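In: what would the 3D arrangement of this be:
(one chain, ligands or ions: 2)
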Amino acid sequence: MVNAATRSSSANNEPVIVLGIESTAHTFAVGIVSSEPPYILADSRRQYVPKEGGILPREVASFFSQVAGEVVREALHQAGISAGDLSAIAVALGPGMGPALRVGATVARALAHYFHKPLVSVNHAVAHVEIARFLTGLLDPVVLYVSGGNTTVLSFRAGRYRVFGETLDISLGNMLDTFARETGLGPPYVVGGEHVIDRCSRGGEFISGFPYVVKGQDVSYSGLLTAALRAYRKGLEPLKNVCYTLREIGFSSVVEVTERCLAHVGKRQVVLTGGVAANDELNRKLEIMAQVHGARFKRIPKKYAGDNGVMIALTGLLSYMSSYNIIEPHRAFIRQRWRVDRVNIPWYPKTLGRSL
Ligand code: ATP
Ligand code: FE2
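Out: Ligands and ions are numbered 1, 2, ... in the order given. Now for the predicted structure:
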């Protein structure tokens, strides 16, 4: 661990400025965040979109290596600063795909070395939670984190974000994307901010008989996906009915476990984060559930639902100001299976510009 005395810029009453690098999955992104308004100084990203089929980690890594330099340059240009002005570099070291993570880690190590900046290690899942708390101002929420790799209900308890329910198999985003791929609706899976499953669901009707699986606080989607694909292949139902039913069951089951968590932990706030948080219908369902419980719900802007560098910079800044997870560059090892509940959150419930 590097000594907290490295946080020299905060000692001079200068804003603390952190550059964050995201490279865990399909997006290479750099965000720059300041401890003073307007907080978000830069947001530069490039997304890898496969021409067909799924994501191949090596192809992603090669794409990331090609764009990394220009994304860093673009972010510094947007912020109107040079690398020397930064207080620290933050990087998402996991969880995620090994080859992709290695590109971000290498870029971060190089920047930290070359510009003599402290390096902050950030957990990608924690960053999805932090950007939601920051953007909504709901500082002590129950969090539904739904994305390409995760379907998890989280809430802070005893120093960490604890898991109060998750998927037993595939994630919600993966289920929607896989169904779209197998039926030829995608890729791309999201067009104009809308998932192709939403577009296809319009005018659809509910089909009975698909499995709705909630076990305790966990959900399961693989049986639902199989049933939907079978119905599609048999051609007995219009595709719009199958899409509509898949979505209804997928969304309702995660809202159910989020609702139960809210009731048990006794919190008064709910937020939705991760790539699937861009979904209007899921936001609507969660908002209704929150209203029933007299809890506050606020949605996050679509552009910050999916992977971005701003959330890594923000979390890096909070962590850096708490002198937490500051590492020597040569110890910046990637952590492909880094669980969210292994990370301490010493700054909680504070966020940038706000405290309870
Ligand atoms: P994780 O956070 O688990 O590592 P991820 O890094 O793969 O996931 P995110 O950008 O957080 O990526 O989420 C991507 C997922 O979000 C994809 O499955 C994508 O289809 C889904 N998604 C994006 N926009 C929408 C939308 N409008 N409606 C539903 N799903 C969406
Ligand atoms: Fe993500």
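
In: which bits of this protein sit near ligand 1?
Out: Proximity of the chain to ligand 1, by CB under 6 Å from any ligand atom, involves residues 24-25, 96, 124, 128, 147-150, 173, 176-177, 189-190, 193-195, 274-276, 278-279, 306-307. C-beta: built from backbone N, CA, C; applies to glycine.

In: list buried residues within those.
Out: 24-25, 96, 124, 128, 147-150, 173, 176-177, 189-190, 195, 274-276, 278-279, 306-307 (16 or more other CB atoms under 10 Å).

In: go through the residues of the chain next to ligand 1 and flag which are in strands.
Out: 190, 194-195 (DSSP state E).

In: export those to TSV and append columns for pLDDT and distance to residue 159.
Out: Listed next are those as TSV, based on pLDDT from 0 to 100; distance: CB to CB, whole Å:
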residue	pLDDT	distance to residue 159
190	94	35
194	96	38
195	98	35
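
In: which one of these sits closest to ligand 2?
Out: Nearest to ligand 2 among those is residue 190, at 13.7 Å by CB to the ion.

In: residues touching that closest one, list them.
Out: With contact set as CB atoms under 8 Å, 6 or more residues apart in numbering, residue 190 has these partners: 196, 278.

In: now the spatially closest residue to residue 147 that is not a sequence neighbour: how far from residue 106?
Out: Computed as CB to CB, 6 or more residues apart in numbering, the closest residue to residue 147 that is not its neighbour in sequence is residue 274, at 3.4 Å. Counting by CB to CB, to the nearest Å, the separation of residue 274 from residue 106 is 26 Å.

In: next: residue 96.
Out: 14 Å.

In: same check, this time on residue 241
Out: Applying CB to CB to residue 241 and residue 106 gives a distance of 48 Å.

In: same question for residue 187.
Out: 28 Å.

In: again, but for residue 230
Out: 44 Å.

In: as a check, name the ranges of all strands in the stretch 101-250 of the chain.
Out: Assigned by DSSP state E, counting those that start in this stretch, the stretch 101-250 of the chain shows strands spanning 119-123, 142-146, 151-157, 160-166, 190-191, 194-195, 213-215, 218-220.

In: weakest of those by average pLDDT?
Out: If you rank the strands of the stretch 101-250 of the chain by mean pLDDT, strand 190-191 sits at the bottom with a mean of 94.

In: name the residues of the longest helix along the chain that are buried.
Out: Taking DSSP state H as the assignment, the helix of the chain that covers the most residues is helix 239-265. Using 16+ other CB under 10 Å as the test for burial, helix 239-265 gives 239, 241-251, 253-262.

In: residue 33 is in contact with residue 43, isn't it?
Out: No: Residue 33 is beyond contact range of residue 43, at 9.4 Å (criterion: CB atoms under 8 Å).

In: which of the two has more neighbours?
Out: residue 33 (31 against 21; other CB atoms under 10 Å).

In: could you report the pLDDT at the more buried one?
Out: 98.

In: need phi/psi at it.
Out: phi -130, psi 140 (degrees, to the nearest 10).

In: what's near enough to touch it?
Out: Contacts of residue 33 (CB under 8 Å, 6+ apart): 17-18, 20, 39-41, 310, 313-314, 316-317, 352.

In: is it bridged to anything, and to what?
Out: Using DSSP bridges, the beta-bridge partners of residue 33 come out as residue 18, residue 40.

In: SS state for residue 289?
Out: helix (DSSP: H, G, I helix; E, B strand; the rest coil).

In: for residue 89, same thing?
Out: Three-state call for residue 89 (three-state DSSP): strand.

In: I'd like the numbering to begin with 51 instead of 1 from here.
Out: OK, 51 is where the count begins now, so the last one is residue 139.

In: surely it and residue 158 touch.
Out: Yes: using CB under 8 Å, residue 139 is in contact with residue 158, at 5.3 Å.

In: identify the contacts common to those two.
Out: Here residue 139 and residue 158 share the contacting residues 71, 169, scored by CB under 8 Å, 6+ apart.

In: picking that back up, of all the ones in strands among the residues of the chain next to ligand 1, which comes closest to residue 106?
Out: Taking CB to CB as the measure, residue 106 sits nearest to residue 240 out of these, at 19.5 Å.

In: tell me the bridge partners for that closest one.
Out: Counting by DSSP bridges, the residues bridging with residue 240 are residue 245.

In: how close does it get to residue 314?
Out: 33 Å.

In: report pLDDT for whichever residue of the chain sits closest to ligand 1.
Out: Relative to ligand 1, the nearest point of the chain is residue 325 (1.9 Å; CB to the nearest ligand atom). Listed pLDDT for residue 325 reads 97.

In: with that, I have no additional questions.
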